[in-house]
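# Sequence first, predicted model second:
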Amino acid sequence: MATLQLFNTLTGTVESLTPQGTPELRMYCCGPTVYDYGHIGNFRTFLHVDVLRRVLLQLGVPVRHVMNITDVDDKIIRNATAAQIPIGQYTAKYEQAFFEDLNALGIQLPEVIARATECIPEMVELIQKLAAKDIAYQVEDGSWYFRLNRDPEYGKLSKKDLEHIEDGARVDVDEYEKDAARDFALWKAAKPQETSWQTAIGEGRPGWHIECSAMAAKFLGDTFDLHAGGEDLMFPHHENEIAQSECASGKTFARHWMHVRFLLVEGRKMSKSEGNFYTLRDLLLKGQRASAIRFLLLSVPYRNQMNFTLDGLVESTNAVDRLRTFRQRLQSQAWPAGSNAELAVTIQQAAEKYTSALAHDLNTAEARAAIFDMVRAANTAADHGLLQADNAAAALRVLASFDAVFNILEDRDAELTKAALAWAEAEGRMAEVAPEVLEKFGANSLSDAAIEALVAERTQAKKTRNFARADAIRNELLAKGILLEDSKDGVRWKRK
RNA sequence: GCACCGAUGGCGAAGUGGCUAACGCGCUGGUCUGCAAAACCAGUAUUCAUGGGUUCGACUCCCAUUCGGUGCUCCA
């Protein structure tokens, strides 16, 4: 069994990733701050981490994956205050939405979900440990800071030179009497009317970086195998995590670091002001399929910047259809017994190429290509009457192992779009729904039973060679987004 | 300003110091079909941003230029 080769940001090289010290591979992935709906850039990261864990599982490596939920931070406090509700009530809604979105995108849940607000004691302990070494210090207003010049290795992840940073630092004014401008907050002293915790180091709330350090240690130990996140988190967030954790424990924090590169949308950085900011829900309400979004976001390997476009989504939708149609073809026909030896070899080669592509730094593009190679070869053979039962079974097995990672063959798209519609209704956002989505999936849309009835009527018409009527029904259905295909084994239909 | 990354066909996107530069989508023609759809077949980059250099040989290594992106500040 191959071992996964994965680029390590810390060393700048591709290295084997294997569990050290425990049977399961221990990994930590920075999760969302639940102050709003997630956008597709967020999900590109989670999607590639999902690929990582699925590939590991496929390679026979058990995984203990921890993801944090940041449910207290400045934005959350600001928004909850504005809405005049407790922060827990405010974040619960977005946390739920986040999990719904993960489900829509077919992302597996981590073994451990860690909420920041549920791990305050561990964070306090960590700060106390640092304080005992005089690496954490408290300033007049009660906040705690990290003494950066006590960590000689600071900058090793992002390859930054601390000296250089300090002379170039834009001055963040020492309003709290920090000892050095670059020292970062570990604990923010309570302000009137803000959520805070009464603790041994004073009343306040955690800084952004300390939560990940504390929770990673709590659930994975001082040292663990892999830490993952978006590339933008590399500095300062991950750098600060390393500083806090390694200074406190005196041990290596994460051995291996994985960073998923940024997503552009229509060639530009996604931002609300550019008008290219998409949440998953936005796209579903525009009629995009969840499976196509997943497949598109996975089609470009994680270490490359990816440009997300609506055209790309069209491509992706059609590509997913090709794969689904292929699987359906293999499953729905009785193939002659036996095995075509030549085709068997081709299928085997595709399977090997697929596995090695993923094992080699998660090259999803190449893995995808290997599967399409197989699809074409098998389709060609089938068209020439050269596909036999053993080949079909082998191809289906390869397809299943592909889908154990890519997870797009099961068609949940209609159901997910309907769920998005229900959400839009509940949130009073029906104005954002594209008209054709309403037509296809709304209250007045055709039910499966109604479609089946029309299909049956058309089949009857065809039998009596009433092609005018048959075509009329087909066109009527097409206008409502239902596509018919006549095959030897009867009529198939699908929603476009 | 400093640092880093990228530039491959109509679009998206792999890849390698030397076989016909993957794969997907699209497009054109054909086969199949009552007609379609699906699938298949053929075609669709003498060429990998531009200019130099190294080499027997570079799209692949080096340098410069141009363009795009990112980080240095909250951010997946």
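Great, that's in hand.
# what does the stretch 351-496 of chain A have sitting close to RNA strand B?
A:363, A:365-366, A:368-369, A:372-373, A:375-376, A:379-380, A:382-383, A:462, A:467, A:470-471, A:474, A:483-487 (C-beta under 7 Å from any atom of the strand). Every residue, glycine included, has its C-beta placed from N, CA and C.
# Just the ones in helices from the residues you listed, please.
Those of those mapping onto helices are A:365-366, A:368-369, A:372-373, A:375-376, A:379-380, A:382-383, A:462, A:467, A:470-471, A:474, per DSSP state H.
# which ones are touching residue A:433?
A:285, A:421, A:424, A:442 (C-beta atoms under 8 Å, 6 or more residues apart in numbering).
# Tell me the buried residues within these.
Applying 16 or more other C-beta atoms under 10 Å to the contacts of residue A:433, the neighbour count classes A:285, A:421, A:424 as buried.
# Select only the buried ones of the ones in helices among the residues of the stretch 351-496 of chain A next to RNA strand B in ChimeraX?
In ChimeraX syntax, the buried subset of these is picked out as below (16+ other C-beta under 10 Å):
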select /A:368,373,375,379,382,462,470,474
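# Quick one: neighbours of residue A:104, just the number.
Burial of residue A:104 is recorded as 23 neighbouring residues (other C-beta atoms under 10 Å).
# Residue A:449 falls within a helix, correct?
Yes. Secondary structure of residue A:449 (DSSP: H, G, I helix; E, B strand; the rest coil): part of a helix.
# number of nearby residues for it?
Residues lying near residue A:449 (other C-beta under 10 Å) number 8.
# what does the stretch 151-300 of chain A have sitting close to RNA strand B?
Contact residues (C-beta under 7 Å from any atom of the strand) of the stretch 151-300 of chain A with RNA strand B: A:158-159, A:164-165, A:168-170, A:208, A:229-233, A:235-237, A:260, A:262-264, A:267-270, A:299-300.
# list the contacts for the residue of the stretch 201-350 of chain A found nearest RNA strand B?
Proximity of the stretch 201-350 of chain A to RNA strand B (C-beta to the nearest atom of the strand) peaks at residue A:230, 1.6 Å away. Going by C-beta under 8 Å, 6+ apart, residue A:230 touches A:30, A:41, A:42, A:45, A:259, A:260, A:262.
# Which stretches in the stretch 201-350 of chain A count as strands?
With strands called from DSSP state E, counting those that start in this stretch, the stretch 201-350 of chain A shows them at A:202-206, A:224-230, A:254-260, A:263-265, A:268-269, A:306-308.
# what residues does the first one touch?
Spelled out, it's strand A:202-206. Against strand A:202-206 from outside (C-beta under 8 Å, 6+ apart): A:72, A:116, A:120, A:123, A:138, A:142-144, A:186-190, A:194-197, A:214.
# Please list the members of those residues that lie in strands.
Under the assignment DSSP state E, these contribute A:138, A:144, A:186, A:187, A:188, A:189, A:197 to strands.
# Columns pLDDT, distance to residue A:251 and neighbour count on top of the contacts of residue A:230, output as JSON lines?
Below are these laid out as JSON lines (pLDDT from 0 to 100; distance: C-beta to C-beta, whole Å; neighbours: other C-beta atoms under 10 Å):
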{"residue": "A:30", "pLDDT": "92", "distance to residue A:251": "20", "neighbour count": "22"}
{"residue": "A:41", "pLDDT": "90", "distance to residue A:251": "33", "neighbour count": "23"}
{"residue": "A:42", "pLDDT": "90", "distance to residue A:251": "31", "neighbour count": "19"}
{"residue": "A:45", "pLDDT": "93", "distance to residue A:251": "27", "neighbour count": "28"}
{"residue": "A:259", "pLDDT": "93", "distance to residue A:251": "22", "neighbour count": "23"}
{"residue": "A:260", "pLDDT": "92", "distance to residue A:251": "26", "neighbour count": "27"}
{"residue": "A:262", "pLDDT": "86", "distance to residue A:251": "31", "neighbour count": "15"}
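# Keep only those of those that are in helices.
The helices, defined by DSSP H, take in A:41, A:42, A:45 from the contacts of residue A:230.
# can you list these in a markdown table and add distance to RNA strand B?
Listed next are those as a markdown table, based on distance: C-beta to the nearest atom of the strand, whole Å:
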| residue | distance to RNA strand B |
| --- | --- |
| A:41 | 3 |
| A:42 | 4 |
| A:45 | 4 |
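# Out of the residues you listed, the closest to residue A:8 would be?
Comparing these against residue A:8 with C-beta to C-beta places residue A:45 closest, at 17.1 Å.
# for the closest one, what are its contacts?
Here residue A:45 is in contact with A:228, A:229, A:230, A:260 (C-beta under 8 Å, 6+ apart).
# out of the residues you listed, what pair is the most spread apart?
A:228 and A:230 (8.9 Å).
# okay, and the common contacts of those two?
Joint contacts of residue A:228 and residue A:230 (C-beta under 8 Å, 6+ apart) are A:30, A:45, A:259, A:260.
# okay, the angle between the helix or strand encompassing residue A:80 and strand A:185-189?
Using DSSP states H and E, residue A:80 falls within helix A:74-83. Counting by axes from the mean of the first three to the mean of the last three C-alpha atoms, to 10 degrees, helix A:74-83 lies at 20 degrees to strand A:185-189.
# What ranges in the stretch 101-250 of chain A fall below the confidence cut-off?
Within the stretch 101-250 of chain A, the stretches falling below the threshold (pLDDT under 70) are A:161-177.
# what about the helices in it?
Secondary structure of the stretch 101-250 of chain A (DSSP state H, counting those that start in this stretch): helices located at A:120-132, A:162-168, A:208-220, A:239-249.
# returning to that earlier point: need the buried ones from the residues of the stretch 151-300 of chain A next to RNA strand B selected in ChimeraX.
When burial is assessed using 16+ other C-beta under 10 Å, the buried subset of these is captured in ChimeraX by this command:
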select /A:158,165,208,229,230,231,233,236,237,260,263,264,270,299,300
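# Can I get the strand or helix carrying residue A:458 in PDB? Just the C-alpha atoms.
Using DSSP H and E, residue A:458 sits in helix A:448-463. Taking Å, rounded to 0.1, in the frame of the first residue of the first chain, the C-alpha atoms of helix A:448-463 are listed here in PDB:
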ATOM      1  CA  ASP A 448     -41.300  12.500 -10.100                       C
ATOM      2  CA  ALA A 449     -44.700  10.700 -10.500                       C
ATOM      3  CA  ALA A 450     -46.000  13.300 -13.000                       C
ATOM      4  CA  ILE A 451     -42.800  13.000 -15.000                       C
ATOM      5  CA  GLU A 452     -43.000   9.200 -15.000                       C
ATOM      6  CA  ALA A 453     -46.600   9.400 -16.200                       C
ATOM      7  CA  LEU A 454     -45.600  11.700 -19.100                       C
ATOM      8  CA  VAL A 455     -42.700   9.400 -20.000                       C
ATOM      9  CA  ALA A 456     -45.100   6.400 -20.000                       C
ATOM     10  CA  GLU A 457     -47.500   8.300 -22.300                       C
ATOM     11  CA  ARG A 458     -44.700   9.100 -24.700                       C
ATOM     12  CA  THR A 459     -43.600   5.500 -24.800                       C
ATOM     13  CA  GLN A 460     -47.100   4.500 -25.700                       C
ATOM     14  CA  ALA A 461     -47.200   7.200 -28.400                       C
ATOM     15  CA  LYS A 462     -43.900   5.900 -29.800                       C
ATOM     16  CA  LYS A 463     -45.300   2.400 -30.000                       C
END
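# what does it contact?
Contact with helix A:448-463 is made by A:446, A:467, A:469-470, A:473-474, A:476-477, A:482, A:484, A:490-491, A:493, as judged by C-beta under 8 Å, 6+ apart.
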